[in-house]
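**Student:** one predicted model, sequence on top.
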Amino acid sequence: MKCPACDRELTNLQVGTVAVDVCQRGCGGVWFDAFELKKVDEQHEAAGEHLTAIQHDPTLRVDAARKRECPRCEGIKLKRHRFSPTSLVEVDHCPNCAGYWLDAGELERIREEQHPDRQAAARKPQLSMEVIRYMYRARIEQRPTAR
């Protein structure tokens with residue numbers, strides 16, 4: 001199969017239970033047949049880790065505006081749209097075979113979007129139980145006593 005982004009030959013890669021086609025040493029994109037992307041799109045799915053480190057050519061420039069052909073379906077153009085209604089990541093999707101083409105870096109961004117609470121929690125300082133107890137006692141002591 002030919003890469004829809006840079007026209008190089010795709011390499012088959014077995015990642016866990018998923019067999020995907022990658023543009024190794026080319027643009028670094030990944031082709032997912034129907035329903036395969038769901039098996040690696042979240043951070044807790046270990047299989048996806050291997051797909052975030054595909055070797056690619058950093059000097060290769062890909063024309064994002066170019067209409068791309070589906071590597072599976074002859075004569076069918078991929079449709080570019082957001083991965084989900086709440087996602088900021090745009091992906092290429094085949095309306096015929098339901099496969100997805102992700103450019104280099106898009107899988108990582110999708111996986112990060114799946115758990116924004118983890119990112120916020122990592123940035124947000126946590127209150128210790130000692131601080132919570134102190135605040136509770138201070139609040140109780142400020143209350144007027146009932147007579």
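**Tutor:** That came through fine.

**Student:** quick one: residues contacting residue 52.
**Tutor:** Shown in contact with residue 52 (C-beta atoms under 8 Å, 6 or more residues apart in numbering): 107, 108, 111. Where C-beta positions appear, they are placed from N, C-alpha and C, glycine not excepted.

**Student:** rerun that using 10 Å as the cut-off
**Tutor:** Residues in contact with residue 52, defined by C-beta atoms under 10 Å, 6 or more residues apart in numbering, are 28, 30, 40, 104, 105, 107, 108, 111.

**Student:** possible to save these as TSV with distance to residue 97, pLDDT and neighbour count?
**Tutor:** Shown next, in TSV, are the contacts of residue 52 (distance: C-beta to C-beta, whole Å; pLDDT from 0 to 100; neighbours: other C-beta atoms under 10 Å):
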residue	distance to residue 97	pLDDT	neighbour count
28	22	93	26
30	15	95	27
40	18	80	24
104	22	91	21
105	24	90	13
107	19	90	25
108	24	89	17
111	23	86	20
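
**Student:** can you flag which of those belong to strands?
**Tutor:** Using DSSP state E, the subset of those located in strands is residue 30.
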